[in-house]
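*Asks:* Need a 3D model of the sequence below.
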Amino acid sequence: METSKTPPHLHQIIRTVRQRFPEIGVAFLFGSLARGNSRPDSDLDLGVAGIRPLSAEQRFELILALSEAVGRPIDLIDLQTAGPLILRSWLRGQRVLATDHHLLAALIIRSLDLTTDFEPYRRRILEYRRKAWIGI
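*Replies:* Modelled structure (predicted):
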């Protein structure tokens, strides 16, 4: 089990993204690799963003390039199109690339706006589930 807080694949991730996908200005690692409790079969959870959302072709190329570089399956999230629940978690991840600080700031603001807007619905869903499961 890997326990280091800096994943061993970090340098390959940064190098691959910067060399082959210069339009991506922000990348965050999250999930078990970011937390330092991955297993040999764990995938790599990566959130990325450029000025525009990634096309399906760009997503496929990036997933393929990263999986070849790090030797793991890739769970790629485009932060430009992610919903509030994903955006809520990526901020807790490990920043691996931030060449566009304006884009990073815009993503943080969008994340906060969406999660704040979504919070009453999330609480209502949790309350409904609690009542359904334990009757309180």
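
*Asks:* Which helix or strand in the protein has the lowest average pLDDT?
*Replies:* Within the chain, no helix or strand scores below helix 84-90, which has a mean of 75 by mean pLDDT, DSSP states H and E.

*Asks:* What lies in contact with that one?
*Replies:* Contacts with helix 84-90, where a contact means CB atoms under 8 Å, 6 or more residues apart in numbering, come from 28, 30, 47, 77, 79, 82, 107, 110-111, 114-115, 117-118, 122. Where C-beta positions appear, they are placed from N, C-alpha and C, glycine not excepted.

*Asks:* So residue 82 versus residue 72, what's the distance?
*Replies:* With distances taken as CB to CB, to the nearest Å, residue 82 is found 21 Å from residue 72.

*Asks:* That should have said residue 11, apologies.
*Replies:* With CB to CB as the criterion, residue 11 and residue 72 are 14 Å apart.

*Asks:* who's more crowded, the two?
*Replies:* Legend: neighbour count by other CB atoms under 10 Å for residue 11 and residue 72, higher for residue 72 (17 against 13).

*Asks:* that's a helix at residue 46, yeah?
*Replies:* No - counting by DSSP: H, G, I helix; E, B strand; the rest coil, residue 46 falls outside a helix, being strand.

*Asks:* on that earlier part again, which SSE is immediately downstream of the least confident helix or strand of the chain?
*Replies:* For helix 84-90, the following helix or strand on the C-terminal side (DSSP states H and E) is strand 94-98.

*Asks:* what packs against that next one?
*Replies:* Contact analysis of strand 94-98 by 3 or more CB pairs under 8 Å, 6 or more residues apart in numbering; DSSP states H and E lists helix 10-20, strand 24-30 as its packing neighbours.

*Asks:* Which strands border the shortest one, and is each parallel or antiparallel?
*Replies:* In its sheet, strand 24-30 lies beside strand 44-50 (antiparallel), strand 94-98 (antiparallel), with partners assigned from DSSP bridges.
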